[in-house]
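K.L.:
predicted model and sequence follow; I will ask about them next.
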Amino acid sequence: VQLVESGGGLVQPGGSLRLSCAASGLSFSSYVMSWHRQDPGRERELVATLNSSGGSTNYADSVKGRFTISRDNAKNMVYLQMNSLKPEDTSVYYCNARFPSSHRNYWGQGTQVTVSS
């Protein structure tokens, strides 16, 4: 199983970025997909979750109304559209694939997002 994130970078406050995660080696449409972020010395934080069909989402309070998670099961892709970015959104963002009620849980390598003027 491989999850590869892309789309991170440097953006000014108020700007937007779209993160992508390409999944391979798994039955993608059966997995719950999520984005997490982690700063050095801190625990990894759940940002957004999307169920296998794409019909149910959950967001951290800190990103509600600004971030949108979506998936394309035909392309084995999951996305995180990030708008109105704030300096406190600066972090390494990780893609996660989890098969419900099992030990199958996979992570990408992470992509850095920096929000700074």
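P.N.:
Nice, I can see it.
K.L.:
bridging residues for the residue nearest the centre of the chain?
P.N.:
In the chain, the centroid-proximal residue (Cα atoms, centre = their mean) is residue 35; its distance is 2.6 Å. Residue 35 has these beta-bridge partners by DSSP bridges: residue 48, residue 95.
K.L.:
OK, contacts around it?
P.N.:
Contacts for residue 35 (Cβ atoms under 8 Å, 6 or more residues apart in numbering) come out as 19, 21, 47, 48, 69, 78, 80, 93, 94, 95, 96. The way it works is simple: take the backbone N, C-alpha and C, and place the C-beta from them, glycine included.
K.L.:
which among those gets closest to residue 63?
P.N.:
Taking Cβ to Cβ as the measure, residue 63 sits nearest to residue 47 out of the contacts of residue 35, at 5.8 Å.
K.L.:
excluding sequence neighbours, find me the nearest residue to the closest one.
P.N.:
Of all residues not flanking residue 47 in the chain, residue 35 sits nearest, at 4.5 Å (Cβ to Cβ, 6 or more residues apart in numbering).
K.L.:
measure that neighbour to residue 101 for me?
P.N.:
Relative to residue 101, residue 35 is positioned 21 Å away (criterion: Cβ to Cβ, to the nearest Å).
K.L.:
same deal with residue 38?
P.N.:
25 Å.
K.L.:
beta-bridge partners for residue 9, please?
P.N.:
In beta-bridge terms (that is, DSSP bridges), residue 9 pairs with residue 113.
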